[in-house]
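> After the sequence you'll find the predicted model.
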Amino acid sequence: MSWFSPAIKGNIVNQKQRILVTGGAGFLGSQLCEILVARGDDVICLDNFFTSQKVNVTHLLDKPNFELIRHDIIIPIWLEVDQIYNLACPAAPGHYQYNPIKTIKTSVMGAINVLGLAKRCNARVLQASTSEVYGDPEIHPQTEDYRGSVNPIGPRACYDEGKRAAETLFMEYHRMNKVDIRIVRIFNTFGPRMHPFDGRVVSNFIRQALDNQPLTIFGDGSQTRSFCYRDDLLQAMILMMENESGFTGPVNIGNPAEFTIRQLAELIIELTGSSSEIIEGELPVDDPTRRQPDIRLAQEHLQWEPKISLKEGLEKTIAWFKTIDLAHYHPPTPNY
């Protein structure tokens with residue numbers, strides 16, 4: 001946990017927290033649980049294991065300050081906690097489009113349930129929102145005051161509009177009921193423990209490159225994304241939860257370094273030493289053409305900016321992919 005700042009460590013040591021992490025067995029949630037357990041908090045990991053893997057948290061099961069609950073957050077749950085990280089929701093287009101009604105229920109009903117729990121317990125609750133609230137943006141880079149350009153009836157709307165509705169619920173619970181909220185808008189994130197069949201570009205490219213299979217880019221690969229390494233993202237998320245300034249957000253969390261998808265594919269081929277070729281496929285409906293966070297608010301309020309470059313992060317992620325057995329990972333849906 002060497003990437004923690006002294007300020008976070010100081011806050012950790014002074015007061016033990018009872019913390020609920022929804023989606024806690026997922027890519028980000030499992031690493032967050034590991035960090036919180038290591039710092040001495042009592043951690044409840046809640047997950048329905050739709051797109052997550054129990055193997056992500058089995059090493060924590062013998063810890064006295066860790067508890068695992070199989071539960072779907074669209075169903076209310078009664079717990080006693082001090083903080084809630086609401087991370088539960090499928091995030092890869094193929095998986096969230098597999099059952100779009102359930103996806104929007106997870107965002108909306110899940111938000112209602114964690115907010116109700118926070119209200120009853122007087123707990124602080126953080127919403128893991130997304131850069132997808134900006135849709136296919138008309139401004140670049142994207143600032144938090146930009147209201148977005150989302151197609152409310154398109155195939156991505158179940159996720160995009162679900163997250164937008166969740167932000168609305170968080171703000172109304174804060175205004176009406178004085179619930180202590182935090183909202184972070186997460187941009188593309190990658191790192192170890194990504195589900196190898198999550199269908200997103202980094203995991204797909206690495207899996208294909210290691211097997212010397214063709215890397216499929218959609219369109220000509222000129223669309224851009226900004227990729228943030230997992231550890232940088234989680235540091236910002238914890239800083240947001242722990243900040244006592246009254247800053248609720250929303251705040252962009254991501255790495256502003258912008259790359260085309262073709263550049264990403266070429267870099268992964270280079271780093272893996274793969275013989276894969278790059279082939280082009282049909283561009284999905286409503287796929288954003290550009291994505292880059294303006295992180296000035298995070299720099300101002302959290303004194304945070306990412307430290308790990310795309311190349312360094314990919315090297316760590318590729319090394320992890322080489323250690324896993326794909327046979328132990330069940331694709332959540334056929335859409336990967």
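Yep, it's here. These numbers were taken from a predicted model, which means no experiment stands behind them.
> give me the low-pLDDT residue ranges for the chain?
By pLDDT under 70, the low-scoring segments of the chain are 1-14.
> can you map out the helices along it?
In the chain, the helices defined using DSSP state H lie at 6-14, 27-38, 93-96, 100-121, 157-177, 201-210, 230-242, 261-272, 296-302, 310-321.
> could you dump those helices to CSV with distance to residue 252 and mean neighbour count?
Backbone N, C-alpha and C define where each C-beta goes, glycine included. Formatted as CSV, the helices of the chain follow (distance: least, Cβ to Cβ, whole Å; neighbours: other Cβ atoms under 10 Å):
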stretch, distance to residue 252, mean neighbour count
helix 6-14, 20, 13
helix 27-38, 16, 23
helix 93-96, 20, 23
helix 100-121, 19, 20
helix 157-177, 13, 20
helix 201-210, 19, 22
helix 230-242, 9, 22
helix 261-272, 20, 19
helix 296-302, 6, 17
helix 310-321, 17, 17
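> and of those helices, who's closest to residue 217?
Closest approach to residue 217 among those (Cβ to Cβ): helix 261-272, 5.2 Å.
> Contacts for that closest one, please.
With Cβ atoms under 8 Å, 6 or more residues apart in numbering as the test, helix 261-272 has contacts from 201-202, 205-206, 209-210, 215, 217-218, 220-225, 227, 259, 274, 276, 278, 310-311, 314-315, 318.
> Okay, angle between it and helix 201-210 too, please.
Angle, helix 261-272 to helix 201-210, by axes from the mean of the first three to the mean of the last three Cα atoms, to 10 degrees: 40 degrees.
> wait, what's in contact with residue 80?
18, 121.
> same thing but 10 Å
Contacts of residue 80 were listed using Cβ atoms under 10 Å, 6 or more residues apart in numbering, and they are 18, 20, 42, 44, 117, 120, 121, 123.
> if we can go back for a sec, want to throw the helices of the chain into a markdown table with distance to residue 127?
Shown next, in a markdown table, are the helices of the chain (distance: least, Cβ to Cβ, whole Å):
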| stretch | distance to residue 127 |
| --- | --- |
| helix 6-14 | 20 |
| helix 27-38 | 13 |
| helix 93-96 | 17 |
| helix 100-121 | 7 |
| helix 157-177 | 5 |
| helix 201-210 | 24 |
| helix 230-242 | 10 |
| helix 261-272 | 28 |
| helix 296-302 | 16 |
| helix 310-321 | 25 |
